[in-house]
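# next one to model:
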Amino acid sequence: MTYQEKKSIVSLISAILIFGSYCLYMYPRFPEGGLESETFHFWGSFVLILTLFSIIAHILISIIFNIVFRITTREKEPKFADELDKLIDLKANRNSFFVFIVGFLLAMGSLIIYEPSQKMFIILITAGFLSDVTGSITKLYHYRKGV
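Numbers count the residues shown, from 1 in each chain. Prediction:
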């Protein structure tokens, strides 16, 4: 298994664990009914803190992965990206953006049919998570099967 495949697997697992653990942490704080301003405050802080938590966790996991990879294989991580790596990254980004845009359109559609604003936030956050997972799965698929 190549470095890129291992990195994609670690990225996929870490995205699932980060999102799952954060949702479990925030679930007890979910406002039941209440005022609309409380709902917006909750979801605003949910998205902002999830973004910061996710960035920091991904950086730490990437550093730990590179240290463990270097210790176990005695190889350095590749310092360059060839045309295949760039093409795979572009395909992964395309698929990831597509999933997020579909989720965004669904979230806006939920507002058009007068659904509660909480559904819009749930759809947006889920679309962000699914786009991250889609990008990692696309990279793994293309590194295994080719372009």
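# which parts of the protein are helices?
3-26, 36-73, 83-112, 117-145 (DSSP state H).
# tell me which residue is most central in this structure.
Asp132 (3.1 Å; Cα atoms, centre = their mean).
# so which of the helices of the chain is the most surrounded?
helix 117-145 (a mean of 18; mean count of other Cβ atoms under 10 Å). In this view, the C-beta of every residue, glycine as well, is placed from N, C-alpha and C.
# ok, now which ones touch the residue nearest to Val10 when sequence neighbours are not counted?
Spatial nearest neighbour of Val10, excluding adjacent residues (Cβ to Cβ, 6 or more residues apart in numbering): Phe65 at 5.0 Å. Counting by Cβ atoms under 8 Å, 6 or more residues apart in numbering, Phe65 touches Lys6, Lys7, Val10.
# could those residues go into a markdown table alongside distance to Leu90 and pLDDT?
A markdown table is the format used below for the contacts of Phe65 (distance: Cβ to Cβ, whole Å; pLDDT from 0 to 100):
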| residue | distance to Leu90 | pLDDT |
| --- | --- | --- |
| Lys6 | 21 | 89 |
| Lys7 | 17 | 91 |
| Val10 | 21 | 93 |
